[in-house]
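K.L.:
Fold the following for me, if possible:
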Amino acid sequence: MTEESLAAHPFRHGAWRTYTPSSGLAGLQVEHIAQDQNGLLWFATAFSGVSSFDVDTFQTYSRQNGLCGNQVLYILRDSRERLWFATLDGGVCWHDGHDFHIPKALEGFGPVVDCLLED
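P.N.:
Here you go, the predicted model:
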């Protein structure tokens, strides 16, 4: 089984694992999960930013390293393969695979965004 198929079907063989902050997950309260174009799983947490997961390790992102807010409610993968993050404390930002960006049109829009849709 490839890493990509394992990420897409982690329960196929009856395996169940629990992840916590001691495992590397950003926080205990996960609000949303999305998968990027490379097969990484992204976990939005209520108070601790987001974590990406590559089947072995977590990488956590917060305001300290560019995420627009730490209270992330929703993640959207758009048609251009970018991940968008809706936060309660920092508005909206997107990730291009390397860095986080705040769209100029949404600067100052307000801190509370709880859902995203692509037109």
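K.L.:
ranges for the helices of this protein?
P.N.:
For the chain, the helices defined by DSSP state H cover 3-8.
K.L.:
For the residue nearest to residue 54 when sequence neighbours are not counted, grab the count of nearby residues.
P.N.:
Using Cβ to Cβ, 6 or more residues apart in numbering and skipping residues adjacent in sequence, the residue nearest residue 54 is residue 40, 5.5 Å away. C-beta: built from backbone N, CA, C; applies to glycine. Residue 40 has 18 neighbours, counted by other Cβ atoms under 10 Å.
K.L.:
hang on, residue 45 packs against residue 33?
P.N.:
No - taking contacts as Cβ atoms under 8 Å, residue 45 lies outside contact range of residue 33: 10.5 Å.
K.L.:
out of the two, which sits in the busier spot?
P.N.:
Remark: of residue 45 and residue 33, residue 45 carries more neighbours, 23 against 11, as counted by other Cβ under 10 Å.
K.L.:
neighbours of the nearest residue to that one once chain neighbours are set aside, just the number please.
P.N.:
Spatial nearest neighbour of residue 45, excluding adjacent residues (Cβ to Cβ, 6+ apart): residue 27 at 3.6 Å. Residue 27 has 22 neighbours, counted by other Cβ under 10 Å.
K.L.:
same deal with residue 74?
P.N.:
Neighbour tally, residue 74, other Cβ under 10 Å: 18.
K.L.:
isn't it right up against residue 92?
P.N.:
No - in this structure residue 74 lies outside contact range of residue 92 using Cβ under 8 Å: 9.6 Å.
K.L.:
Between these two, which contacts overlap?
P.N.:
85-86, 113, 116 (Cβ atoms under 8 Å, 6 or more residues apart in numbering).
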